[in-house]
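Colleague: Sequence and computational prediction follow.
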Amino acid sequence: MSDETVFAIQVIGSSGEVLQTIRLPQSVTPPREWESKRIESAEAAIQEYIEAVKEGCPEHMYFADRALTEFRVWEGAYDRLRDLDLDVRFKQAFLEHWRHRGGTIRCGVCNDELLLGVLSRLLPGYSGSPLVLFRGETDANIARQSYGPSWTTKLPKAAEFARSEWQGPDPSSVIATIAKPEAILAEPNDASKNHGEFEYVVDRRRLTSEVFTLTGCAWSDREAINKAAVALDDALAGTATNDPAEVESLCSTLRDWATAHRYLG
């Protein structure tokens, strides 16, 4: 091995003596400071998570959010994040964190009003056209109108979530709506598109169009769902504009499509 090194690690004994010095070559990435931390209090967990968000490192956020779970201080951490302003590049990093950990975050914070307020500050936003969006949701949440933040433009993906074990034993359905740009907090990043998720983060408090519950379909019938999705894509072709009046047209198209496919009673 060459004598040229970037850094060295010393193994220290209980009496302070150096037991071993490990010299690492230039090709080895040095460990990051947070990777060796022991978080031993609720306050330390909150501070670590806030620092990770400010740093814009998804791996650090994941490391820190496990401590939030351990000390049960998710809500406290997000309360501290209410007034945090992030550079757009850090917002993209937080979006990737949300893509992996959104369900855990929502369950941990357990306060949608607080969560949606923070997400509106930490996510990149959206400035495109109104969209037809779908979500696999439990029937209990549909009845309460407490829809979760993660939606998709892909009906088959929403159907997949409606029948997934993530929803637990509760009956689930697919819901659909038209979301205006101001209701969308983030559009899919490249990773979301590559995984076929096409996840849009939505603030349900800003939804102004009707939320349809699509019924009369076995969500395990993938062939029927895929055919319905193709038919909807055809019906929506060329309709997306920034004209607010177009939202009513989209609603009409969605309703007609849902009725034709017996998704509405």
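Modeller: Happy to help now that I have it.

Colleague: So in this structure, which helix runs the longest?
Modeller: The helix spanning the most residues in the chain, taking DSSP state H as the definition, is helix 88-109.

Colleague: I'd like the mean pLDDT over it, please.
Modeller: For helix 88-109, mean pLDDT is 93.

Colleague: CA atoms of the next helix or strand after it as CSV?
Modeller: On the C-terminal side of helix 88-109, the closest following helix or strand by DSSP states H and E is helix 112-122. Coordinates of each C-alpha in helix 112-122 appear next as CSV, following Å, rounded to 0.1, in the frame of the first residue of the first chain:
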residue,chain,number,x,y,z
ASP,A,112,-51.6,15.8,9.7
GLU,A,113,-52.2,19.5,10.2
LEU,A,114,-48.7,19.9,11.5
LEU,A,115,-47.2,17.5,8.9
LEU,A,116,-48.8,19.2,5.9
GLY,A,117,-47.7,22.6,7.1
VAL,A,118,-44.1,21.5,7.4
LEU,A,119,-44.2,19.6,4.1
SER,A,120,-45.4,22.8,2.4
ARG,A,121,-42.2,24.5,3.5
LEU,A,122,-39.7,21.6,3.0
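
Colleague: Mind listing what's buried along helix 112-122?
Modeller: Residues of helix 112-122 classed as buried by neighbour count (16 or more other C-beta atoms under 10 Å): 112, 114, 115, 116, 117, 118, 119, 120, 121, 122. Quick note: C-beta positions are derived from backbone N, CA and C, even for glycine.

Colleague: ok so, going back, please state the offset of the longest helix of the chain from the chain centre?
Modeller: Relative to its chain's centre, helix 88-109 lies at 5 Å (C-alpha atoms, centre = their mean, to the nearest Å).

Colleague: Residues contacting it, please?
Modeller: Contacting residues not belonging to helix 88-109 are listed as 53-58, 61-62, 65, 68-69, 74-75, 78, 86, 112, 115, 119, 122-124, 148-150, 166, 186, 189, 191-192, 197, 199, 201 [C-beta atoms under 8 Å, 6 or more residues apart in numbering].

Colleague: Please indicate which of those are buried?
Modeller: 53, 55-58, 61, 65, 68, 74, 78, 86, 112, 115, 119, 122-124, 148-150, 186, 189, 192, 197, 199, 201.

Colleague: out of those residues, which are inside strands?
Modeller: Per DSSP state E, strands hold the following members of these: 150, 186, 199, 201.

Colleague: Per-residue confidence, the last one, what does it come out as?
Modeller: Per-residue confidence (pLDDT) for residue 201: 98.

Colleague: Give the bridge partners for it, please.
Modeller: Residue 201 has the following beta-bridge partners by DSSP bridges: residue 150, residue 186.

Colleague: residue contacts, it?
Modeller: Counting by C-beta under 8 Å, 6+ apart, residue 201 has contacts 95, 98, 102, 119, 123, 149, 150, 151, 184, 185, 186.

Colleague: and what of the third one?
Modeller: Shown in contact with residue 199 (C-beta under 8 Å, 6+ apart): 99, 150, 151, 152, 188, 192.

Colleague: so who does the fifth one touch?
Modeller: Okay, so that is residue 188. The contact partners of residue 188, by C-beta under 8 Å, 6+ apart, come to 197, 198, 199, 200.
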